[in-house]
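Visitor: Quick one: sequence plus predicted model below, questions after.
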Amino acid sequence: MANAASGMVVHDDCELKFLELKAKRTYHFIVFKIEEKHKQVIVEKLGEPTDRYEAFTSSLPADECRYAVYDFDFVTDENCQKSRIIFIAWSPDTSKVRSKMVYASSKDRFKRELNGIQVELQATDPTEMGLDVIRSRAT
């Protein structure tokens, strides 16, 4: 279904892979890319369950926008194991203005396709999505 604001379509694989991350924990993270030529959001990279946070952050291009979800595991102050699904809208300052606009106008529609997102972050540089930031937003 196309997004009225940007005309983007969300590829079925995006929702399928997200459900696998959420329900089966098949992946630790997913990076999504907008293919402007085909006007659709696709899965660009899947993170293995054993991948660490550094593998996730290094999979985001330094000068291009992306959407991503990260399955963040943590232990609460009460010593309970918890997990939160974090949605990150990655929009580095060095990316093209057109790209930033397309990603911004498609974000809400895309996020609605991913039922189960618990925390959202907007990041323009790596410090805005550091583990300390994610931990403070997740708890």
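Guide: On my side now, so go ahead.
Visitor: Kindly export stretch 36-49 (C-alpha atoms) in CSV.
Guide: Output of stretch 36-49 as CSV, limited to C-alpha atoms (Å, rounded to 0.1, in the frame of the first residue of the first chain):
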residue,chain,number,x,y,z
GLU,A,36,13.7,5.5,-4.6
LYS,A,37,13.8,4.0,-8.1
HIS,A,38,11.1,1.4,-7.2
LYS,A,39,9.5,3.7,-4.5
GLN,A,40,9.6,1.0,-1.9
VAL,A,41,11.1,0.3,1.5
ILE,A,42,13.2,-2.9,1.5
VAL,A,43,15.3,-4.9,4.0
GLU,A,44,18.9,-4.1,3.5
LYS,A,45,20.6,-6.0,6.3
LEU,A,46,19.7,-8.6,8.9
GLY,A,47,21.7,-8.9,12.1
GLU,A,48,22.4,-12.3,13.5
PRO,A,49,21.2,-13.0,17.0
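Visitor: just how off-centre is it within its chain?
Guide: Relative to its chain's centre, stretch 36-49 lies at 10 Å (Cα atoms, centre = their mean, to the nearest Å).
Visitor: Let's test this: mean pLDDT of that stretch, rounded?
Guide: For stretch 36-49, the mean pLDDT works out to 94.
Visitor: Buried residues, stretch 93-107. List them.
Guide: For stretch 93-107, burial by neighbour count (16 or more other Cβ atoms under 10 Å) applies to S95, S99, K100, V102, Y103, S106, K107. Every C-beta, even on glycine, is put in place using the N, C-alpha and C of the backbone.
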